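**Q** here is my input; please provide its structure:
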Amino acid sequence: MRTEHTERRADFLASRKIRRIIVKLGSGTLTDASLGLREPTIRSLAEQVAKIRKDRGIEVVVVTSGAIAAGRKKLGMADRPRTIALKQAAAAVGQTTLMRAYERAFERRGLKVGQLLLTHEDFENRERYLNAKNTLEALLSRGIVPIINENDTVATEEIRLGDNDHLAALVTQLMGADLLLLLSDSDGLFNRDPHRFPDAKRIPLLAKIDDETIRSAGGRRGGSVGTGGMGSKLLAARVVSDWGTPVVIAGGLSRRSIVDVLDGKETGTLILPRGTARAPSRKMWIAHARQPHGSILVDDGARKVLLEGGKSLLPAGILGVTGTFRKGDSVSIADRKGKIFARGIASWSREQVDRGMGRKSAEVRSILGEEVPAEVVHRDNLTILRDGAAK
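**A** Okay, the predicted model is just below:
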């Protein structure tokens with residue numbers, strides 16, 4: 001039976017010119033704690049990708065988890081590895097198994113796959129960021145399906161992306177995708193935990209994700225084989241939808257989940273985008289792809305001109321500073337209450353900000369020298385965050 005939500009979803013998706021999608025599969029979808037890799041799920045994915053490429057001309061980039069879980073099975077580990085060394089060993093063993101499964105499944109459908117293993121440093125560095133984008137574009141232009149995973153064999157806690165929901169959000173921005181599809185072991189967002197409450201109702205449509213929505217979903221709690229949870233999916237979905245791209249959270253064990261979503265059928269949860277246009281790629285890169293190394297607290301006047309006037313951040317409006325950063329590092333910008341409302345690339349080091357904050361330009365030049373830029377963060381290197389977009 002068609003409902004008002006069904007019709008609205010179908011109309012919305014039909015109105016979008018969807019030419020490129022990012023599909024993310026988590027460990028809970030791809031692997032089983034006792035059975036290991038769920039190869040039927042990968043074969044179903046390959047079948048659906050082949051179908052939508054042929055019938056609709058849609059390009060697909062896959063963001064996958066599962067390497068550690070697959071490696072854990074091969075290494076005979078009863079529980080998820082806790083130390084970095086064991087995680088990296090499991091990933092090294094499991095990655096080959098995972099990619100062989102993808103290669104076999106897609107080759108049966110006449111498609112080739114290419115593997116990219118990324119860390120946060122690949123997004124942090126602008127040159128590497130663009131190189132990754134160019135590589136992905138080259139693969140897609142040749143009809144090859146990119147399979148992306150975090151490089152767990154080398155990533156340390158300091159440079160980890162955190163979970164592959166966040167990785168999928170960054171890849172969506174990197175590739176300018178028209179839709180992010182997060183496939184889970186749960187068919188979308190529910191008003192209660194469906195694993196504990198049989199009467200839980202799925203939420204088919206969500207106009208906005210706020211902090212309360214994320215808290216009620218359980219934060220970042222993960223399962224026995226994965227690091228994410230519904231909370232991490234909503235955090236990723238908020239980043240993507242706040243910057244103009246729709247997101248769907250749907251069940252990954254269905255053989256038709258991707259096709260049904262694109263058909264506008266009543267499955268999963270559709271998170272609507274904020275606004276009608278995506279933000280420029282570089283603005284999103286500044287906001288979310290770079291790890292902030294510190295925070296700069298500003299007074300009400302500086303906050304006003306940054307938010308409303310599109311101005312640069314000058315030292316006179318700075319009240320305080322935390323963290324350690326150098327010129328060229330990413331920093332958060334917060335109001336006097338500590339609420340982050342912008343991110344930017346610093347033109348000054350932390351030491352220079354300590355010495356020059358609260359001072360007029362003439363004073364700054366006499367203290368720091370003529371060669372120091374007038375702006376602590378230039379407006380061209382500044383991104384104002386959408387509501388709740390800081391993480």
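**Q** I figured His293 hits Thr322, correct?
**A** No - shown here, His293 and Thr322 do not form a contact pair, counting by CB atoms under 8 Å, at 10.0 Å. Where C-beta positions appear, they are placed from N, C-alpha and C, glycine not excepted.
**Q** measure Val60 to Asn191 for me?
**A** Remark: distance between Val60 and Asn191 (CB to CB, to the nearest Å) = 31 Å.
**Q** quick one: mean pLDDT over the host helix or strand of Leu181.
**A** Leu181 is part of strand 179-184 when elements are defined by DSSP states H and E. If you average the pLDDT over strand 179-184, you get 95.
**Q** contacts for it, please.
**A** Strand 179-184 has contacts (CB atoms under 8 Å, 6 or more residues apart in numbering) with 16, 18, 21-26, 28-29, 165, 168-169, 172, 230, 233, 236-237, 240, 245-252, 257-258, 261.
**Q** partners of the helix or strand just after it in the sheet?
**A** Once the chain leaves strand 179-184, the next helix or strand it forms, by DSSP H and E, is strand 205-206. As defined by DSSP bridges, the strand partners of strand 205-206 come to strand 269-271 (parallel).
**Q** what's the first helix or strand after the partner strand?
**A** Heading towards the C-terminus - elements assigned by DSSP H and E - strand 269-271 is followed by helix 281-284.
**Q** how far does that next one sit from the chain's center?
**A** 13 Å (CA atoms, centre = their mean, to the nearest Å).
**Q** before we move on, the earlier item: adjacent strands (with direction) for the strand holding Leu181?
**A** When DSSP bridges is applied, strand 179-184 pairs with strand 20-25 (parallel), strand 247-251 (parallel).
**Q** convert the C-alpha atoms of the last one to PDB, please.
**A** Spelled out, it's strand 247-251. Presented in PDB, the C-alpha positions along strand 247-251 are these (Å, rounded to 0.1, in the frame of the first residue of the first chain):
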ATOM      1  CA  VAL A 247      21.300   9.700   2.300                       C
ATOM      2  CA  VAL A 248      19.500   6.500   2.700                       C
ATOM      3  CA  ILE A 249      20.100   4.000   5.500                       C
ATOM      4  CA  ALA A 250      18.700   0.600   4.500                       C
ATOM      5  CA  GLY A 251      19.000  -3.100   5.100                       C
END
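**Q** how about residues contacting it?
**A** Taking CB under 8 Å, 6+ apart as the rule, strand 247-251 contacts 179-189, 230, 233-234, 236-237, 240-241, 257, 260-261, 267-271.
**Q** where in the stretch 1-150 of the chain is pLDDT low?
**A** Within the stretch 1-150 of the chain, the ranges that satisfy pLDDT under 70 run 1-7, 33-35.
**Q** how's the protein carved up into domains?
**A** If you go by automatic domain parsing, the domain ranges for the chain are 4-279, 292-384.
**Q** could the ones you listed go into CSV alongside mean neighbour count and distance to Ile286?
**A** Below are the domains of the chain laid out as CSV (neighbours: other CB atoms under 10 Å; distance: least, CB to CB, whole Å):
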stretch, mean neighbour count, distance to Ile286
domain 4-279, 19, 10
domain 292-384, 17, 4
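**Q** would you turn the ones you listed into TSV with distance to Trp285?
**A** Output for those, formatted as TSV (distance: least, CB to CB, whole Å):
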stretch	distance to Trp285
domain 4-279	6
domain 292-384	9
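**Q** low-confidence regions, the stretch 251-391 of the chain specifically.
**A** Residue ranges of the stretch 251-391 of the chain with pLDDT under 70: 275-279, 387-391.
**Q** repeat that with 50
**A** Applying pLDDT under 50 to the stretch 251-391 of the chain flags the ranges 388-391.
**Q** which stretches of it form strands?
**A** 269-271, 294-298, 318-323, 330-334, 340-345, 382-384 (DSSP state E, counting those that start in this stretch).
**Q** which elements pack onto the third one?
**A** This means strand 318-323. If you count contacts as 3 or more CB pairs under 8 Å, 6 or more residues apart in numbering; DSSP states H and E, strand 318-323 packs onto strand 294-298, helix 350-356.
**Q** among the ones you listed, which comes closest to Ile148?
**A** Nearest of the helices and strands packed on strand 318-323 to Ile148, taken as CB to CB: strand 294-298 at 29.6 Å.
**Q** quick one: distance of the host helix or strand of Ala50 to the chain centre.
**A** Using DSSP H and E, Ala50 falls within helix 39-56. Helix 39-56 sits 23 Å away from the centroid of its parent chain (CA atoms, centre = their mean).
**Q** what sits up against the helix or strand just after that helix?
**A** For helix 39-56, the following helix or strand on the C-terminal side (DSSP H and E) is strand 59-64. With contacts defined as CB under 8 Å, 6+ apart, strand 59-64 is touched by 19-25, 30, 45, 49, 52-53, 98, 102, 136, 140, 145-149, 164, 167-168, 171, 175, 177.
**Q** quick one: strand 59-64 to chain centroid distance?
**A** So, by CA atoms, centre = their mean, the centroid of strand 59-64 is 13 Å from its chain's centroid.
**Q** do stretch 294-305 as well
**A** So, by CA atoms, centre = their mean, the centroid of stretch 294-305 is 27 Å from its chain's centroid.
**Q** ok so, going back, what's the angle between the strand holding Leu181 and strand 59-64?
**A** Here the directions of strand 179-184 and strand 59-64 differ by 30 degrees (axes from the mean of the first three to the mean of the last three CA atoms, to 10 degrees).
**Q** TSV please, covering the strands paired with strand 179-184 and showing distance to Asp11.
**A** Formatted as TSV, the strands paired with strand 179-184 follow (distance: least, CB to CB, whole Å):
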stretch	distance to Asp11
strand 20-25	19
strand 247-251	15
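**Q** so who does Ala14 touch?
**A** Ala14 neighbours (CB under 8 Å, 6+ apart): Gly264.
**Q** Leu206 versus the closest residue to His195 other than its chain neighbours, what's the distance?
**A** In space, and not counting its chain neighbours, His195 is closest to Ser186: 7.8 Å by CB to CB, 6 or more residues apart in numbering. From Ser186 across to Leu206, the span is 14 Å (CB to CB).
**Q** what does Arg80 give?
**A** For Arg80, the distance to Leu206 - CB to CB - is 30 Å.
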